[in-house]
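only geometry, no sequence info:
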């Protein structure tokens, strides 16, 4: 467990050091003030993914007969799931967190990456509104919303990589996005280890988001301290 924790911390440090994109050059004092005033929204990129991860870990532990390797996370939020409250809380935190993160990206990063975060946040909240187990039509809509959320989520680091002018940062962002996409596509195509592949893909994407959010918050603090 200690080794796993050290690996995660090393990955986040690498993302913060190398994956952070070119920050938008502010045009005039108004643009600078707006970016500074709303940089706190980057907290959503930390709180949302971390809370969501904690929810599926706790929910999987308390849900009887649930296999985190073979079953998707959505099963923890199904209408008959005993872990539904916990999982829904994590999904709402993730959805709201991604919407806040989208604001931070729009203020500080050129390109359409912010739109990916916004779409993923809205799709995540939609998943909460349409849980599995209510009806066949509802399950279909749930699946469509989940797919839209995943697709837009993995697009965030990929779109960011396209805007970066520094190759190492662009390469790491692209790699994280591609790895997340491959895992999530594997979960859709596979009949086994669906839960493991889904979790791996989400961890790649969410680790990138957390790393970028922490980097942006640190930049903000240094700018404030520097006057």
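The structure has been received and is ready for your questions. Note that the structure is predicted; figures quoted are calculated from it, not measured.

how about residues contacting stretch 176-183?
Under the criterion Cβ atoms under 8 Å, 6 or more residues apart in numbering, residues 15, 19, 153-158, 161, 197-198, 200-202, 204-205, 207-208 lie in contact with stretch 176-183. In this view, the C-beta of every residue, glycine as well, is placed from N, C-alpha and C.

now with 6 Å, please.
154, 157-158, 197, 200-201, 204-205, 208 (Cβ atoms under 6 Å, 6 or more residues apart in numbering).

report the buried members of those residues.
154, 157-158, 197, 200-201, 204-205, 208 (16 or more other Cβ atoms under 10 Å).

that older thread, same list, the contacts of stretch 176-183, but as JSON lines with pLDDT please.
Shown next, in JSON lines, are the contacts of stretch 176-183 (pLDDT from 0 to 100):
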{"residue": "154", "pLDDT": "95"}
{"residue": "157", "pLDDT": "94"}
{"residue": "158", "pLDDT": "93"}
{"residue": "197", "pLDDT": "95"}
{"residue": "200", "pLDDT": "96"}
{"residue": "201", "pLDDT": "96"}
{"residue": "204", "pLDDT": "96"}
{"residue": "205", "pLDDT": "96"}
{"residue": "208", "pLDDT": "95"}
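
helices along this protein, start to end?
2-14, 28-37, 44-62, 84-108, 113-129, 136-163, 167-189, 194-225 (DSSP state H).

of these, give the one that comes closest to residue 77.
helix 84-108 (4.0 Å; Cβ to Cβ).

closest one to residue 71 among the helices of the chain?
helix 194-225 (4.9 Å).

check residue 165 and give its pLDDT.
Note for residue 165: predicted pLDDT of 60.

need the helix or strand of this structure with the lowest average pLDDT.
In the chain, no helix or strand scores lower on mean pLDDT, DSSP states H and E than helix 28-37, which sits at a mean of 45.

tell me, how many neighbours does residue 80 end up with?
Per other Cβ atoms under 10 Å, the neighbour tally for residue 80 reads 10.

just to revisit the earlier point, could I get the helices of the chain as JSON lines with distance to residue 70?
Shown next, in JSON lines, are the helices of the chain (distance: least, Cβ to Cβ, whole Å):
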{"stretch": "helix 2-14", "distance to residue 70": "21"}
{"stretch": "helix 28-37", "distance to residue 70": "45"}
{"stretch": "helix 44-62", "distance to residue 70": "11"}
{"stretch": "helix 84-108", "distance to residue 70": "17"}
{"stretch": "helix 113-129", "distance to residue 70": "20"}
{"stretch": "helix 136-163", "distance to residue 70": "17"}
{"stretch": "helix 167-189", "distance to residue 70": "11"}
{"stretch": "helix 194-225", "distance to residue 70": "6"}
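
kindly report which one of these carries the lowest mean pLDDT.
The lowest average pLDDT among those, as it happens, falls on helix 28-37, at a mean of 45.

next, format the contacts of stretch 176-183 as JSON lines and append distance to residue 46.
Shown next, in JSON lines, are the contacts of stretch 176-183 (distance: Cβ to Cβ, whole Å):
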{"residue": "154", "distance to residue 46": "19"}
{"residue": "157", "distance to residue 46": "16"}
{"residue": "158", "distance to residue 46": "21"}
{"residue": "197", "distance to residue 46": "24"}
{"residue": "200", "distance to residue 46": "20"}
{"residue": "201", "distance to residue 46": "19"}
{"residue": "204", "distance to residue 46": "16"}
{"residue": "205", "distance to residue 46": "14"}
{"residue": "208", "distance to residue 46": "12"}
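
cheers, nothing more for now.
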